[in-house]
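> Sequence below, structure please.
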Amino acid sequence: MRASYCACLACVLVGVGAAKADDAKDLSDRLRAVTLKLYDVDANVRTAAAGALGKLATDLVPVVYQLAGRVEDDPSETARARAAETLGAFGPFAKGAIPRLLKALDDESPLVRAKVIAALGSMGPLAKEAIPRFIGFLKDPHRDIRMRAVGALSQMGPAAKPAVPALVELLDDPDLGVPHEVSVSEAAISAFAGIGPEAKAAVPALLRVLKEKGPGFKSLAIYSLSKIGDVDERVIPALMGILRDRTSMGLQGSSAWGLGQIGPPAKVAVPALRDILAKRRTHGDDRLLSGAAWALGQMGPAGQEAVPTLVEVVQDEAVDMNSRRQGVYALGKLGPDAKEAAAPLLQVLRIRRNSSLREAILVALAGIGPPALPALIDGLRDPERNVRWCALDALAQMGPVARAAVPAVTEALNDPDRRVADAAARTLKRIEKGKKPKS
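Numbering: from 1, shown residues only. The predicted model follows:
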């Protein structure tokens, strides 16, 4: 174990070395690469990555301070801008640079100011001291500075509540954007999502967007309204109105996802969402179907009435795979309330071309929990190997709560298929000791 960890640590640290002040961008790239290893399937690699990040963070401190000094003092506009940009790439790791970056907001160069605003924004609420300055920049004559200020405010979370009135004013910004980029007003609409419920004062303006603006603006407004949530009683009825409007299926899909974001407080939408799935043959919008399926899984106990319809969607091979997968996830999210779906989910796996749904079905069955045990125990005796194997995997994910299945899993130790028998052994260990079996 120790040797394996040391080997992984050596691999993770290869090329990291000591950070040089003139090699900050390379360090940023390495930081990202090592951070990704925190999610590696190998536990030794994850452990080594955590240690490597500690070393990188230590190396980063002098780099941050030297870069901050360059932002404040370098005579070259380009050098100051690049130093700020690199600090932004470090994000919260560069929090030590915040005092100097705040001073650099007064830089005479619009380019540098824009880069500094973006760098502070990348640090999120750690840089909330800059919020009043960001609000001031929303009226700057330079488009890029206004855009950067909006983006920075969107990353401040609830702390950006004081910026809401100024952001509302930007909804009428004259900037129309440039090809392949959003306009200032579109960015402002999106910023309310980052602020969340504290952006409640923006609801009237966002509702006006739904009535007066084009589809792109409306889609952004729907998302922001969903993140503001039910703190304003007008939000859910507005989203429901769009969900029922067949004139724009794209917006219907956005509304379905939005209602799902709000969750149980939007349970009034359950019948409409279920109806969309039931009438799926008349809908040509995959985003609408997948959104409706996902949203039903977020509605808590109120979603139980949609379980039979969700099962039909999962079984329907004419439905796009993403919508079927969202249906599976929804059933798992509903937990014990979806117990009647356990047996049908296992049977979906009897069809080999549905193998891409396997992982989702395993998660769903584990999510349903003990009520799924009878179906899973029956699955251990299924003539199809894939069904037996998946039933064991689901029981393993459930762990100790699946103790009632121990006799059936013990029988599976004698399964004629070696792969199934091995899975049975791993599952017994997980059930009896609560340890995750190795894949």
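
> Please count neighbours and contacts with C-alpha atoms only from this point.
OK.

> and P308, what is it in contact with?
A341 (CA atoms under 8 Å, 6 or more residues apart in numbering).

> Please give the element, helix or strand, for it.
In this assignment (DSSP states H and E), P308 forms part of helix 307-315.

> For that helix, list the C-alpha coordinates in CSV.
Taking Å, rounded to 0.1, in the frame of the first residue of the first chain, the C-alpha atoms of helix 307-315 are listed here in CSV:
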residue,chain,number,x,y,z
VAL,A,307,-43.5,6.9,-11.6
PRO,A,308,-45.5,4.7,-14.1
THR,A,309,-44.9,7.3,-16.8
LEU,A,310,-41.2,7.6,-16.1
VAL,A,311,-41.0,3.8,-16.3
GLU,A,312,-42.7,3.9,-19.7
VAL,A,313,-40.2,6.5,-21.0
VAL,A,314,-37.2,4.4,-19.8
GLN,A,315,-38.6,1.3,-21.6
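
> what about that helix, average pLDDT?
Mean pLDDT, computed over helix 307-315, is 95.

> Any idea how far it is from the middle of the chain?
Averaged C-alpha coordinates place helix 307-315 at 25 Å from its chain's average position (CA atoms, centre = their mean, to the nearest Å).

> Output the contacting helices and strands for the next helix or strand along the chain from that helix.
Moving toward the C-terminus from helix 307-315, the next helix or strand (DSSP H and E) is helix 321-334. Packing contacts for helix 321-334, counted by 3 or more CA pairs under 8 Å, 6 or more residues apart in numbering; DSSP states H and E, involve helix 286-297, helix 307-315, helix 358-368.

> Give me the contact list for helix 321-334.
286-287, 289-291, 293-301, 303-304, 307, 310-311, 313-316, 338, 341, 345, 357, 360-361, 363-368.

> In ChimeraX, how would I select just the buried ones from those residues?
When burial is assessed using 16 or more other CA atoms under 10 Å, the buried subset of the contacts of helix 321-334 is captured in ChimeraX by this command:
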select :286,287,289,290,291,293,294,295,296,297,298,299,300,301,303,304,307,310,311,313,314,315,338,341,345,357,360,361,363,364,365,366,367,368
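
> quick revisit: which one of the helices and strands packed on helix 321-334 lies closest to V406?
Checking these against V406 by CA to CA gives helix 358-368 as the closest, at 15.8 Å.

> Could you pull up the mean pLDDT of the closest one?
The average of the pLDDT scores along helix 358-368 is 85.

> next helix or strand past it?
As assigned by DSSP H and E, the chain's next helix or strand after helix 358-368 is helix 373-379.

> Sort out which residues of that following helix are buried, please.
For helix 373-379, the neighbour count (16+ other CA under 10 Å) marks 373, 375-379 as buried.

> Could you pull up the residues touching the spatially most central residue of the chain?
For the chain, the residue nearest the mean C-alpha position is Q261 (11.4 Å; CA atoms, centre = their mean). With contact set as CA under 8 Å, 6+ apart, Q261 has these partners: 226-227, 229, 295, 298.

> same thing but 10 Å
Taking CA atoms under 10 Å, 6 or more residues apart in numbering, we find Q261 in contact with 223, 225-229, 255, 294-295, 298-299.

> returning to that earlier point: would you format the helices and strands packed on helix 321-334 as JSON lines with distance to R146 included?
What follows is the helices and strands packed on helix 321-334, written out as JSON lines (distance: least, CA to CA, whole Å):
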{"stretch": "helix 286-297", "distance to R146": "33"}
{"stretch": "helix 307-315", "distance to R146": "45"}
{"stretch": "helix 358-368", "distance to R146": "43"}
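
> Remind me which helix or strand the residue nearest to the centre of the chain belongs to.
Short version: Q261 belongs to helix 249-262, going by DSSP H and E.

> so how far is that helix from its chain's centroid?
Here the centre of mass of C-alpha atoms in helix 249-262, compared against the chain's by CA atoms, centre = their mean, lies 16 Å away.

> Just give the nearest non-adjacent residue to D415, would you?
If the residues on either side of it in the chain are set aside, D415 comes closest to A421, at 5.2 Å by CA to CA, 6 or more residues apart in numbering.

> ah, wrong one, I meant A391
Using CA to CA, 6+ apart and skipping the chain neighbours, the partner closest in space to A391 is L376 (5.3 Å).

> what's the host helix or strand of A79 packed up against?
When secondary structure is defined by DSSP H and E, A79 falls within helix 77-90. With contacts defined as 3 or more CA pairs under 10 Å, 6 or more residues apart in numbering; DSSP states H and E, the packing partners of helix 77-90 are helix 24-36, helix 43-73, helix 98-104, helix 110-122.

> how about a cut-off of 8 Å?
Under the contact rule (3+ CA pairs under 8 Å, 6+ apart), helix 77-90 is packed against helix 24-36, helix 43-73, helix 110-122.

> what angle separates the longest one from helix 110-122?
Calculated by axes from the mean of the first three to the mean of the last three CA atoms, to 10 degrees, helix 43-73 forms an angle of 140 degrees with helix 110-122.

> and helix 43-73 with helix 77-90, angle?
Comparing the axes of helix 43-73 and helix 77-90 via the same axes, to 10 degrees yields an angle of 150 degrees.

> quick one: buried residues of helix 43-73?
In terms of neighbour count (16+ other CA under 10 Å), helix 43-73 has its buried residues at 44-50, 52-53, 55-57, 59-61, 63-65, 67-72.
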